[in-house]
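Asker: 3D model of this:
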Amino acid sequence: MRTDWRELEAFAFAMQRRLVEKEADPKKRGKSWQSMSIIELEEELRHQVLQLGYAFRQDNRELIRKKAVDVANYCMMIYDNLGR
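Answerer: Here you go, the predicted model:
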């Protein structure tokens, strides 16, 4: 069984870094996924997936990675929201 998940650790760190970055955004102040409805989170997830598709069409590796992290973060938010 594999015990070294460097890729997962790097991805989780990127997710956390992106959340911190968004938290500092003045437009996002006072907003939290914890107070969003599942429908709102699902709509945001769809929006992020569309942006990820755009990044693929632009063949922009940096943007693809950024949007992949955003998609993962919204999946985490949905997971967390449903667990309460």
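Asker: hey, where'd the helices end up in this protein?
Answerer: Assigned by DSSP state H, the chain shows helices spanning 6-23, 38-58, 61-82.
Asker: Could you identify which of those is most buried?
Answerer: Burial of these is given as mean neighbour count (mean count of other CB atoms under 10 Å); helix 61-82 ranks first at a mean of 16. The C-beta positions use only the backbone N, C-alpha and C, and glycine is treated the same way.
Asker: relative to helix 61-82, how tilted is the helix or strand of the chain with the lowest mean pLDDT?
Answerer: Here the helix or strand of the chain ranked lowest by mean pLDDT, DSSP states H and E is helix 6-23, holding a mean of 95. Helix 6-23 and helix 61-82 meet at an angle of 80 degrees, taking axes from the mean of the first three to the mean of the last three CA atoms, to 10 degrees as the criterion.
Asker: Pull out the CA atoms of helix 6-23 and give them to me as PDB.
Answerer: Output of helix 6-23 as PDB, limited to C-alpha atoms (Å, rounded to 0.1, in the frame of the first residue of the first chain):
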ATOM      1  CA  ARG A   6       3.300  13.900  -2.500                       C
ATOM      2  CA  GLU A   7       0.900  14.800  -5.400                       C
ATOM      3  CA  LEU A   8      -2.100  14.900  -3.000                       C
ATOM      4  CA  GLU A   9      -0.200  16.900  -0.500                       C
ATOM      5  CA  ALA A  10       0.900  19.400  -3.100                       C
ATOM      6  CA  PHE A  11      -2.700  19.700  -4.400                       C
ATOM      7  CA  ALA A  12      -4.100  20.100  -0.900                       C
ATOM      8  CA  PHE A  13      -1.600  22.900  -0.300                       C
ATOM      9  CA  ALA A  14      -2.600  24.600  -3.600                       C
ATOM     10  CA  MET A  15      -6.200  24.300  -2.500                       C
ATOM     11  CA  GLN A  16      -5.500  25.900   0.800                       C
ATOM     12  CA  ARG A  17      -3.300  28.700  -0.800                       C
ATOM     13  CA  ARG A  18      -6.200  29.500  -3.100                       C
ATOM     14  CA  LEU A  19      -8.700  29.700  -0.300                       C
ATOM     15  CA  VAL A  20      -6.400  32.100   1.600                       C
ATOM     16  CA  GLU A  21      -6.100  34.100  -1.600                       C
ATOM     17  CA  LYS A  22      -9.800  34.300  -2.100                       C
ATOM     18  CA  GLU A  23     -10.400  35.100   1.600                       C
END
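Asker: Good, we can wrap up now.
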